[in-house]
Structures are given as structure tokens and as C-alpha cells.
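In: Provide a 3D model corresponding to the input given below.
(chains A and B)
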Amino acid sequence: MFNKVLIANRGEIAVRIVRACRELGMQAVAVYSEADRHALHVRYADEAYLLGPAPARDSYLRGDKIIEIAKKSGAGAIHPGYGFLAERADFAQACIEAGLAFIGPKPSSIMAMGDKAVARKTVAASGVPVVPGTEGEGSLSDEELLALAPKIGFPLLVKATAGGGGKGMREVQNLEEMPSLLNSARREAEASFGDGNVYLEKLLEDARHIEIQILADTAGNVVHLGERECSLQRRHQKLLEESPSPFVGDDQDLRQRMGSVAVRAAQAVDYVNAGTIEFLVDKDKNFYFLEMNTRLQVEHPVTEMVTSVDIVKEQIRIARGRQMRHTQEEIQLSGWAIECRVNAEDPYNNFLPSTGLISHMILPTGPGVRVDTGVYPGFEVSPYYDSLISKLIVSGETRGEAILRMRRALEEYKIIGVRTNIPFHQLLMDSPRFIGGQYDTRFVEERFSMEEAEEGKENMTEIAAILATLVAHYQTQRAAQIIQRNERDTSNWKWMGRWERLHR
Amino acid sequence: MKYVTTHENREILIEILDEHHVVVDGVTYEVDFESVSGEPVHSLLVNSRSYEANVYPSEDGWQVLLRGALYSFQVEDEREKRLRTSIGGRLGEHREYHLKSPMPGLVVSVPVEDGQMVSIGEVLVILESMKMQNELKSPRNGTVARVRVKVGDSVEQRETLLSVD
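Out: Here you go, the predicted structure:
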């Protein structure tokens, strides 16, 4: 069995996997692009190999090169993390053919769940409810989709069949705007996945996005680790996750029903290793299968906090052919966990990505706080990869304690050099709707604005004004001193003239 | 030194008496102000209450990020303030708008061309950065001029992409 794992990823998730390897006493092999020589995963790993230039297609998507490096380094397994090659059946297959263990499901399961349209058909056949849409039709042309759309009804969603993470997804309100939205969805899907195929799905209103984490071993045991509430999203990108879900709450019956349906969906594709079944849940607690993510999820830590199961270590054990350490009965949810995704995005400027050198950083610490990150002071956030730079996770005995702890931790967290969405999370923590657990997938986009959320807050305009004035004042003073210092070599007037020309 | 610090039409008169005393709209406060050299992080004690904030220069003033809220200010000394009032602050509408790239990225689409009329909110350029496609929209009605980028170009932050007259 393997004792050395190659990590085909970067950023915080690569660091997370290195840590799991360390704790299991395994060697970790990192791969990196030219932009990532200084990245934390390279520094933490036992060995590191250059893949190629910064763009993902020349580096982290080079499956052939990654397999070659695995062979050369003597790694016996590849962990794909999330994104990049994680849900590429052909890559998983190539690993197996090269004699490497792929830490994830079988290629056939990835294939079955990877084509979202086929996945819906497969699970529906095993009695799992799905959201109405264009099922299992394979690739449809724009004309066919436009003809089918009125039958499904508006509003609806255009989704990439190879999709995930909101890429290639568009919301359509009526038939008139559909052609241009189809066009942009296909373009984005093509750019992100190399596959421009899309399908349609009815848009459920007031719906929540709740997902179930499952683990399955090679002996055929499948367990679920409870739910994660992922309704807080912007442009279909999750921003905050919690476990348990405040909507499921004390309803053990709903939790068990969703859990057993998730287990059934996994069994429908003969699933092995960690995976997640995403459901849409309407206000009457009806739930529908959305899709299955056949990989480790960004938000796995909230489940780890409430179940005490180390999911990444379980993944590696399962890939080594071991049986799972827990039966369904042994898995109990205890306490509450919340994760805030810290993105290099400016919440005051339409969440546009922000790049640059992180010059200064203070991490939150103290009771119940966990930070999974791949950045540090001196690290350059580049435009090549996604904007997630850190995940701040807290746990508490109750949801209330977790919220107060998250507020405290967000205030401690200082990242200087790039703009981050930390202020967004701070305002969210103060929002009565969030505190009351009253939110759905549209909340952030339709009923939350930075400006309005700030209105109710304690007004610190005068304190802020003093700060702005002092900073401006000392800056002017410093500029004046620079001019004075040079009076030795030349007259001040001459110097002023030069200085002004320089700054014209 | 006396300053007029403006926040959303509210003028706050701030006088810096010495290193440890400021007067805000007639009320004197004892302050202690410290900065990390070269960084936008500042610590301020006001009558012994502790505040920490990030202060950034912006296009036309200063932005202060304090306890999870962002405040924008214009800071002017009395002379600057008089000057600006005498010019009259009515430059806005007639000046041309230069669309600058808010971040480094790759131009995915330029759905407009030179001489084309655009209205407020119309997409001018689609820029891909950090795997997200970002639509850069026109803040006003006008005519597109001097398109400097094409599909496939890599652009730097603050690079001018095109203008709207």
C-alpha cells in the first residue's frame, strides 16, 4: 500500500491535505506552477515539483505531467483536492492505469455524476426526487432548449452539464432573454470545463441549499455525516456554510430521511470515498436532488467540527483499502460550526477580485477557532486562480455561541495588501435574518446590501473622520519634510520646481 | 492645522492642535495615534477608547475601514476647500469617462466598438480574473471612444481599456 501521496492542487486545500498526510505519517508531494513557487503547500510538503507556467491549463490541469511526477517521485496515490482535475473521470482512469491510487471515487462514478443531466436520470431511477428539468437528454442545441423552456416554466436555470461552483450557470426570467444567456453560459462553461454543454432546470423559489456529506469504503459501507447549510451564496458561489442547518434544526426525522436518500444516491453509482449530495429544500421541507460532488468539498471543515471525523484522513484510509472507522450509529452531531469563506474580493466594489501582495496578516486564534489558509504575509495573490484565500471556521456549543465567536474572530482577522470580503461577513453576522436563521439562496443577492446593513450600525463617522484627517495630515507633513531635507545641495526653490515637474 | 473633512455632504471641522489633541466640531478629544510604517493599519486611542482601522487613499479622498464598516471622506485644509468652492464642483457630467481595469485579468469579450452609443449599465468589457467573468458596465450614457483592448489581451490593474465621451 502507498505511503506517499501526491497532491494535485494548490492553495488552502493542498495545505489541508499535506496536514492529513503528516498526521498519518505519510510523505506529501506537492506540485506547483511558476506563480506558486512561494506558496505554503510547496513549503510544507516533503517534496515539490514544478509543473509549468501559471495558467491552470499549463500547470494544475496537466494530468499527464502530474502522473509522470507521481511515478518519478515514487508516490503511490494522487489526491486531487477540489476543482482542477478532481472531477475528471479521464484523469482518475489515467491514474489507475499508471498504477496509482486515485483518492476519490471510481472513474465510472465520476462519469455518472459528472454529467449533471445523466446524474439526474440515474438517481431518479433509484427513487430519489429531482428538480424538474431537461433530464438525461445528453447535449441539446439552443433551438431544442428554447423549445423545452416554456414546458419547464420560468424562472429557470441554465446549467453546465460539466459544471460546478456556479460556472456556466445563468438564471432566466423569460424566453426573450434566454438566447443571450444561453450564449454566455456556454462560453463560460467552455472556458471553465472545456465543455460548452448545458441543460435546464426549474428554479425553485424560497429554496434552501442543503447538502449531505457521505463516506463510502471499498467494503460497501456507506455512512452520512449529517447536513451542511449552504444557502448563503452570491452568483451561485457559496459564501458561508454551517452545520447543522438551522432549517433542519431539531427535525431528526428530516435529517435521517435526507441522509438515507443521500446514501441511496451514492449507492446508485457504486460510490467509494468522500462525496456530497446537494439538495434543494423548499419551505415545506420537500427536498430534491440537485447534484453530487464526487470530491472533497471546500466546506468540509464544518462537518469535521460537529462530527469529530477527519474527512481527509478518512479519504486516505479508504483509498488504502481500509474499512471506515465509524458506523452510522456512531456518528453524532454535536455543537454548531460556521465557516466564512474569505475571498480576495472587494465587497464595497461589486465583489470585484482584488490581487496584490499580502503585506501584513494577523490570524484569529483562541477557543473554537480554526483557519485553513494557503497565504501568509509576503505572499502575492495572483489573478490566475480563484479568489478563495482562507476559510475561517468556528465552533460552539450552540448556534448563538458560534455566531458570537465568529464575530469576535472576524474582528481579530486582519489581512492587509488585498481587499477581502471580511466586512461582508461581519455585517452578515449582525443581520437579524441571519441570526434568526431566516434565509434562502436568494438572500444575499436580493435582500442584503452592504449599504443598508451598515445603516443600522453604531455610527462611528466622527472616529473615522479623525482617522482620515490624521492620516492625510501626517502624509502632507512627510511630503513637506522631503523637500526640506534637500536644501543642502540646491536651493529650495529650484528643488520645488523639479519636484513639481516630477509630479505633474 | 484646521481641516474640513466631508462625509456624504456632512462637513466635519477638525483641528489638529498638537500630537495628542484634536477638536472635532468644537469638542476637544485626547488622542494617541500610531501607524505601522508603510502599512494602511492605524491604531487610535480617543479618550482612552481603542480603535483600529485601515485607511486607504481613494480616487478623490480617503476610505476608512473601521469595525466592519467603510467610510469615505474628502479631507481638505481651509485653503483647498475655498479653492474648490470657487471653481465649483461641477465637472462630473461633461468629463469623459475612462474605463480602467479594476484588476489584472484577461479580456474575454468587448461587446462594443468605437463610436457606438451606450447607455448607463450597458456592458463595455468582460474581464476574466480569478476564474470569474466580470462585466464592466458603463456608468453613464455616451459614445464609446478609443477602445484600446481586444479579446485575448492581458491587462494590468488600472490600465485604461476604453473611454466613454
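
In: Pull the number of nearby residues for A:H473.
Out: 18 (other Cβ atoms under 10 Å in any protein chain shown). The C-beta positions use only the backbone N, C-alpha and C, and glycine is treated the same way.

In: isn't it right next to B:I16, touching?
Out: Yes: assessed by Cβ atoms under 8 Å, A:H473 is found in contact with B:I16 at 5.6 Å.

In: mind checking the SS state of the one residue in the stretch 51-200 of chain A that gets nearest to chain B?
Out: Minimum separation of the stretch 51-200 of chain A from chain B (Cβ to the nearest Cβ) falls at A:E188, amounting to 5.8 Å. Classification of A:E188 by DSSP: H, G, I helix; E, B strand; the rest coil places it in helix.

In: pLDDT score for it?
Out: Per-residue pLDDT puts A:E188 at 85.

In: Which residue is the nearest non-sequential neighbour of it?
Out: Closest residue to A:E188 apart from its sequence neighbours, by Cβ to Cβ, 6 or more residues apart in numbering or on different chains: A:G168 at 4.6 Å.

In: ok so, going back, find the residues that touch each one of A:H473 and B:I16.
Out: B:M1, B:Y3 (Cβ atoms under 8 Å, 6 or more residues apart in numbering or on different chains).

In: ok so, going back, residues touching the residue of the stretch 51-200 of chain A closest to chain B, list them.
Out: Counting by Cβ under 8 Å, 6+ apart, A:E188 has contacts A:A160, A:K167, A:G168, B:Q133.

In: which of these lies closest to B:L99?
Out: The closest of the contacts of A:E188 to B:L99 turns out to be B:Q133 (Cβ to Cβ; 16.1 Å).

In: Dump the helix or strand harbouring the closest one to PDB, restricted to CA.
Out: Here B:Q133, judged by DSSP states H and E, is contained in strand B:132-137. C-alpha atoms of strand B:132-137 as PDB (Å, rounded to 0.1, in the frame of the first residue of the first chain):
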ATOM      1  CA  MET B 132     -14.700  34.700 -12.600                       C
ATOM      2  CA  GLN B 133     -16.000  36.600 -15.500                       C
ATOM      3  CA  ASN B 134     -16.700  40.200 -14.500                       C
ATOM      4  CA  GLU B 135     -18.900  42.500 -16.500                       C
ATOM      5  CA  LEU B 136     -17.600  46.100 -16.600                       C
ATOM      6  CA  LYS B 137     -20.500  48.400 -17.200                       C
END
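
In: Can you give me the buried ones in it?
Out: B:M132, B:Q133, B:N134, B:E135, B:L136 (16 or more other Cβ atoms under 10 Å in any protein chain shown).

In: Select from the contacts of A:E188 the one having the most neighbours.
Out: A:G168 (28 neighbours).

In: got a list of what that residue touches?
Out: With contact taken as Cβ under 8 Å, 6+ apart, A:G168 is in contact with A:158-160, A:162, A:185-186, A:188-190, A:192-193, A:196, A:198.

In: Report the buried members of the residues you listed.
Out: Neighbour counting by 16+ other Cβ under 10 Å classes A:V158, A:K159, A:A160, A:A162, A:A185, A:R186, A:E188, A:A189, A:S192, A:F193, A:G196, A:V198 among the contacts of A:G168 as buried.
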